[in-house]
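Engineer: Provided below for reference: sequence and predicted model.
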Amino acid sequence: MSSGAANRVLIPTHGRVPSRPPGRTIWDFAGQSMGTDWSVRLVAPSGRDRAELQTAIDAELAQVIALFSHWEPTSELVRWNAAPAGFWAVSEPFWSVLNAAMDLADDTDGAVDPTLGALVDLWGFGPPGPRSGLPTDEEIAIALSVSGWQRLRLNREAKAVQQVGGMKLDLSGIAKGHAVDRVSERLTALGATSHLVEIGGELRGAGVKPDARPWWTELQAAPGAPGPRTLAALFDIAVATSGDWVRTFSVFGQNYGHTLDGRTGRPLTHGLASVSVFAETAMRADAMATALMVMGPEEGPAYAAATNLAALFVMRGPSGMTEYLSPALIAMMEEGAE
């Protein structure tokens, strides 16, 4: 793909050297899952047929729904959320993702918080559906009383999670990224080592195309974003974008986005329009994009710089929209310009 003078081009800085895949044919797959569209492009591996790969992709997506869907009444998450108070054993894959979410909560001081399901429902972004007006302060206080990552207790020996009574887990901030990783890793295990997986805007690329060119993607841009088109080469790297325009509702002319701050129990109002993050895995990129949105236009960029996160911020301000590129993201751009 030609970058063009008006484009910003990002190249991974991990230092790995791509090798041309043995196959020459690209297969495309697409469908819907987790309330959004998904797509897979891959270099067809020898000894496999399309039906086998389609079945593998469908199986991975179905497993994520069975674990973490809010809308599937028999999912493990829904069953845990409805459980009475006490410690409840969970499956190994559920434990693995929840444990990773709690580690991220520790690392980000709660900007990643898997316990906000009651607040998500209260603000109209969960299975109960949208609401006609704003929650009252009393309703927010009640939801906050059964939320908060520091209230969640894990018994690591028994792989059991304490339901305090009324707490609702919500892993939607990392579930799509986790699903992308599962599909990517399953394809690699089946010999399809060169592929691009996307679920609802979260992407992970592995290897390169038959012509040795990378899997290119254009980063999602907030409406009115001031920067140039940003193209990224997804060679053994993932990217996720969190934006305040993606899911919203409006009351008296005021828009409210779906990303909630667990400290206040309310949607974000600090002016960050979007954050795109690159990481080794889609789950981490997904989680950190949400975390940086919650941190806001001052703490978010400082955290990205301090932790070497490649992140692109778009901010709303009195004089319009501005961008901030973290040092790690600038390094990707400089590599691409050499």
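Structural biologist: That came through, no problem. Please read these numbers as outputs of a predicted model, since none were measured by experiment.

Engineer: just how off-centre is stretch 92-102 within its chain?
Structural biologist: Remark: stretch 92-102 is offset 15 Å from the chain centroid, using Cα atoms, centre = their mean, to the nearest Å.

Engineer: name the helix or strand of this protein that has the lowest mean pLDDT.
Structural biologist: Of all the helices and strands that make up the chain, strand 248-251 has the lowest average by mean pLDDT, DSSP states H and E, namely a mean of 52.

Engineer: residues of the helix or strand harbouring T230 that come out buried?
Structural biologist: T230 is part of strand 229-233 when elements are defined by DSSP states H and E. Buried residues in strand 229-233, counted by 16 or more other Cβ atoms under 10 Å: 230-233. Quick note: C-beta positions are derived from backbone N, CA and C, even for glycine.

Engineer: same question, stretch 324-335
Structural biologist: Using 16+ other Cβ under 10 Å as the test for burial, stretch 324-335 gives 324-326, 328-329, 331-333.

Engineer: where does I199 fall, phi/psi-wise?
Structural biologist: The phi and psi torsions at I199 (degrees, to the nearest 10) take the values phi -130, psi 110.

Engineer: before we move on, back to that, quick one: distance of the next helix or strand after the strand holding T230 to the chain centre.
Structural biologist: Downstream of strand 229-233, the next assigned helix or strand under DSSP H and E is strand 237-243. If you compare the mean C-alpha spot of strand 237-243 with that of the full chain, they lie 6 Å apart, counting by Cα atoms, centre = their mean.

Engineer: also stretch 263-277?
Structural biologist: The answer for stretch 263-277 is 15 Å, by Cα atoms, centre = their mean.

Engineer: can you give me the end-to-end span of that stretch?
Structural biologist: End-to-end distance of stretch 263-277: 23 Å, with Cα to Cα, to the nearest Å as the criterion.

Engineer: now it: buried residues?
Structural biologist: Buried-residue list, stretch 263-277, by 16+ other Cβ under 10 Å: 265-268, 270, 272-277.

Engineer: need the max-distance pair from these.
Structural biologist: Farthest-apart pair in the buried residues of stretch 263-277 is G265 and S276; separation 26.4 Å (Cβ to Cβ).

Engineer: strands of the stretch 151-300 of the chain, start to end?
Structural biologist: 154-155, 160-163, 195-199, 202-206, 216-218, 229-233, 237-243, 248-251, 254-257, 260-261, 266-267, 272-279 (DSSP state E, counting those that start in this stretch).

Engineer: name the helices or strands packed onto the strand holding T230?
Structural biologist: strand 7-10, strand 216-218 (3 or more Cβ pairs under 8 Å, 6 or more residues apart in numbering; DSSP states H and E).

Engineer: between those strands, which one is closest to T188.
Structural biologist: Nearest of the helices and strands packed on strand 229-233 (Cβ to Cβ): strand 216-218, 18.9 Å.

Engineer: that closest one: how far from the chain's middle?
Structural biologist: On Cα atoms, centre = their mean, the centre of strand 216-218 falls 17 Å from that of its chain.

Engineer: tell me the contacts of the nearest residue to L152 once chain neighbours are set aside?
Structural biologist: Ranked by Cβ to Cβ, 6 or more residues apart in numbering and with sequence neighbours excluded, the top spatial neighbour of L152 is T115, at 5.5 Å. Residues counted as contacts of T115 (Cβ atoms under 8 Å, 6 or more residues apart in numbering) are 147-149, 151-152, 167-170, 262.

Engineer: can I assume T115 sits in a helix?
Structural biologist: No: counting by DSSP: H, G, I helix; E, B strand; the rest coil, T115 falls outside a helix, being coil.

Engineer: so which residues of the protein form helices?
Structural biologist: For the chain, the helices defined by DSSP state H occupy 50-68, 76-81, 92-107, 117-122, 137-145, 172-189, 282-306, 327-337.

Engineer: among those, which is nearest E218?
Structural biologist: Of all the helices of the chain, helix 327-337 comes closest under Cβ to Cβ, at 14.2 Å.

Engineer: I'd like the mean pLDDT over the closest one, please.
Structural biologist: On average, the pLDDT along helix 327-337 is 78.

Engineer: before we move on, the earlier item: any chance of the helices of the chain in TSV with distance to G224 as columns?
Structural biologist: Output for those, formatted as TSV (distance: least, Cβ to Cβ, whole Å):
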stretch	distance to G224
helix 50-68	33
helix 76-81	36
helix 92-107	30
helix 117-122	27
helix 137-145	30
helix 172-189	25
helix 282-306	16
helix 327-337	20
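
Engineer: understood, closing this out.
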